[in-house]
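1. okay, here's the prediction I keep looking at, along with the sequence it came from:
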Amino acid sequence: MRCLVIYQSVHHGNTEKIAKEIAKCLDADLKRVDEINKKDLTEYDLIGFGSGIYFLKHHKSLLEFVENLPKMNKKAFIFSTRGLGCYKFYHRALRKKLIEKGFKIVGEFSCKGYDTYGILKLIGGINKGRPNEQDLEKARKFAMRMKKVG
Ligand SMILES: Cc1cc2nc3c(=O)[nH]c(=O)nc-3n(C[C@H](O)[C@H](O)[C@H](O)COP(=O)(O)O)c2cc1C
């Protein structure tokens, strides 16, 4: 099974840490969304899509990338890091687009990430040090599950 992890991480590199950990466990290729051509996806059986959450959604570049894909019959998983709140809700826009493109969603993962956006900067941010070792361990366990279902 060939796996690819596509990500975007613009705030503190939080999602990049998770993306690297998942890719390592899956022995997957790892690409930032601006480094990948949609034609390259044909080589893979399982593809992970992830970014930080910005204004209740995944990063615009990732959503646009998926929007421009042709119909695919592949398995996918979704991941994110976020400041607070419920990831099932934050994943809705990306999940919907992936399903529209024919992907079968086999899993979703999210953890907290250091967040200094806006007013939070004044209090030194929230979730300092996250993702931490426990988050990375959960990401590894998630990746092992993806290996089985993928
Ligand atoms: C512009 C902006 C908007 C954000 N909006 C949200 C949000 O709606 N919900 C949330 O939980 N976190 C939000 N965050 C926090 C980020 O999701 C969090 O810090 C994430 O770990 C950033 O990932 P990154 O370092 O990979 O970019 C926002 C951060 C920024 C910079």
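-> That came through fine. All values reported here derive from a predicted model rather than from experimental measurement.
2. report how many residues lie close to residue 114.
-> 19 (other Cβ atoms under 10 Å). Where C-beta positions appear, they are placed from N, C-alpha and C, glycine not excepted.
3. contacts only, for the closest residue to it other than its chain neighbours.
-> In this structure, residue 114 finds its nearest non-sequential neighbour in residue 12, 4.8 Å apart by Cβ to Cβ, 6 or more residues apart in numbering. By Cβ atoms under 8 Å, 6 or more residues apart in numbering, residue 12 lies in contact with 113, 114, 115, 116.
4. quick one, which of those residues are buried?
-> 113, 114, 115, 116 (16 or more other Cβ atoms under 10 Å).
5. would you mind giving these as JSON lines with secondary structure and distance to the ligand added?
-> Formatted as JSON lines, these follow (DSSP: H, G, I helix; E, B strand; the rest coil; distance: Cβ to the nearest ligand atom, whole Å):
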{"residue": "113", "secondary structure": "coil", "distance to the ligand": "2"}
{"residue": "114", "secondary structure": "coil", "distance to the ligand": "6"}
{"residue": "115", "secondary structure": "strand", "distance to the ligand": "3"}
{"residue": "116", "secondary structure": "coil", "distance to the ligand": "7"}
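6. what residues does this protein put near the ligand?
-> 9-16, 52-56, 81-85, 113-115, 117 (Cβ under 6 Å from any ligand atom).
7. quick check, central residue of the chain?
-> residue 50 (1.4 Å; Cα atoms, centre = their mean).
8. helix or strand for it, which one?
-> Taking DSSP states H and E as the criterion, the element that holds residue 50 is strand 46-54.
9. list the helices and strands that strand packs on?
-> Applying 3 or more Cβ pairs under 8 Å, 6 or more residues apart in numbering; DSSP states H and E, one finds that strand 46-54 contacts strand 3-8, helix 14-26, strand 57-58, helix 60-67, strand 75-82.
10. need those in TSV (columns: distance to residue 122 and mean pLDDT).
-> Converted to TSV, the helices and strands packed on strand 46-54 look like this (distance: least, Cβ to Cβ, whole Å; pLDDT from 0 to 100):
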stretch	distance to residue 122	mean pLDDT
strand 3-8	26	98
helix 14-26	20	98
strand 57-58	25	98
helix 60-67	26	98
strand 75-82	20	98
